[in-house]
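>>> Give the three-dimensional model of this entry:
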Amino acid sequence: MNRKKKVLFVLAVAGMGLLMQECHIVNENGIHNTDSVVTKKKTDKKSKKQSFNYINKKGNTLKTRIRTPKGYSRIKVEKNSLGAFLRGYEMKPDGSPVLLYNGKKKKKQNVHIAVFKLPLEKEDLQQCADSVMRVFGEYYYQCGQYDKICFTLGSGFVADFSKWSQGYTICVDGNNVSWGTAAGNDSSYASFQKFMRVVFAYSGTMNMESDSKKISMEQMQIGDIFIKGGSPGHVVMVVDLCENVEGKKAFLLAQGYMPAQEFHVLKNPLHEDDPWYYEDEVSYPFHTAEYTFDEGSLMRYK
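The predicted model follows:
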């Protein structure tokens, strides 16, 4: 090979190497940049999804504390309805533990997302069904509808606050329950609390189930319940409801439990950061954060 050809050959080889190196670099950068873009897009998408926080820490009511899912709006409720009462109910500060009747913390603190400031008696009485009855009692008491504050006790006796407030009391002698007179019983809140303690002591999920009727998911309203009557049984309450443009529902559940404890909004075990239970997710057996309900358990109390 003469000198001229040798020089051309070396330059050609060098040029090819440079071209290959350049292609390699471009290829590497291309792959890297593409991966980087895809990763960034995925990360951004994931971050965007995770950035939606269902909890407004500054919100001090159920409505202002828990945001609805994207694409959903809270259903309209009447001004003085149970739904408006629950949505406007004061909540404990965000992150508050669920306390027992004796002031101690409930053992399981990972199943709730918010805690109602619903009054809790300092006795082991206000358990699951009692908490739901407390909600109804507080609501009707606030509305002044004393005639609707009535509950069936274990014996079948109907405890009626409107009668109680007229100076009567409930006398229990074994399985016999009857009305007696008590001058101290009136319509004051202290008297209402006393009345509710009697109800808590002698009523439960079996009475509540007997006083309820089965409904479908399409009929669901705020205040409806999922219930299993028994000793023990359990009940959770629908405390808020929203829907999307297709009419699909999502709802929040709240409960009290044993031992007697504060009324709290449950997490959804299917997605811990999102407390809403979606209509399309509901199948039976229906799993809530601490209890599983069978088909036919969705009911309307009274």
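
>>> List the contacts of residue 239.
62, 86, 222, 252, 253, 254, 265 (Cβ atoms under 8 Å, 6 or more residues apart in numbering). C-betas here are computed from N, CA, C, even on glycine.

>>> Kindly export the particular helix or strand that has it in it (C-alpha atoms) in PDB.
Per DSSP states H and E, residue 239 falls inside strand 234-244. Only the C-alpha atoms of strand 234-244 are listed here, as PDB (Å, rounded to 0.1, in the frame of the first residue of the first chain):
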ATOM      1  CA  HIS A 234     -71.700  -4.700  64.100                       C
ATOM      2  CA  VAL A 235     -73.000  -1.700  62.300                       C
ATOM      3  CA  VAL A 236     -71.300   1.100  60.300                       C
ATOM      4  CA  MET A 237     -73.100   4.200  59.100                       C
ATOM      5  CA  VAL A 238     -73.000   6.100  55.700                       C
ATOM      6  CA  VAL A 239     -72.000   9.600  56.800                       C
ATOM      7  CA  ASP A 240     -71.500  11.200  53.400                       C
ATOM      8  CA  LEU A 241     -72.300  10.500  49.800                       C
ATOM      9  CA  CYS A 242     -71.100  11.800  46.400                       C
ATOM     10  CA  GLU A 243     -71.500  10.800  42.800                       C
ATOM     11  CA  ASN A 244     -70.000  11.300  39.400                       C
END
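
>>> ok, then the element right after it?
strand 249-255.

>>> Which strands border the very next helix or strand once past that next one, and is each parallel or antiparallel?
Following strand 249-255 in sequence order, the next helix or strand is strand 264-266 (DSSP H and E). Strand 264-266 pairs in its sheet with strand 112-115 (antiparallel), strand 249-255 (antiparallel), by DSSP bridges.

>>> could you dump these to JSON lines with mean pLDDT and distance to residue 67?
Formatted as JSON lines, these follow (pLDDT from 0 to 100; distance: least, Cβ to Cβ, whole Å):
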{"stretch": "strand 112-115", "mean pLDDT": "98", "distance to residue 67": "11"}
{"stretch": "strand 249-255", "mean pLDDT": "98", "distance to residue 67": "11"}
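
>>> Can you check which of these gets nearest to residue 130?
The closest of the strands paired with strand 264-266 to residue 130 is strand 249-255. By Cβ to Cβ, the value is 11.0 Å.

>>> Just want the angle from that closest one to strand 234-244.
If you take axes from the mean of the first three to the mean of the last three Cα atoms, to 10 degrees, strand 249-255 sits at 150 degrees to strand 234-244.

>>> any idea how far strand 249-255 is from the chain center?
Remark: strand 249-255 is offset 5 Å from the chain centroid, using Cα atoms, centre = their mean, to the nearest Å.

>>> tell me which element residue 180 is part of?
Short version, using DSSP H and E: residue 180 is in strand 176-181.

>>> neighbouring contacts of that strand?
Contacts of strand 176-181 (Cβ under 8 Å, 6+ apart): 153, 155, 157, 163, 167, 168, 169, 170, 171, 202.

>>> Who are the contact partners of the fifth one?
Shown here is residue 167, whose contacts under the criterion Cβ under 8 Å, 6+ apart are 181, 182, 183, 185, 186.
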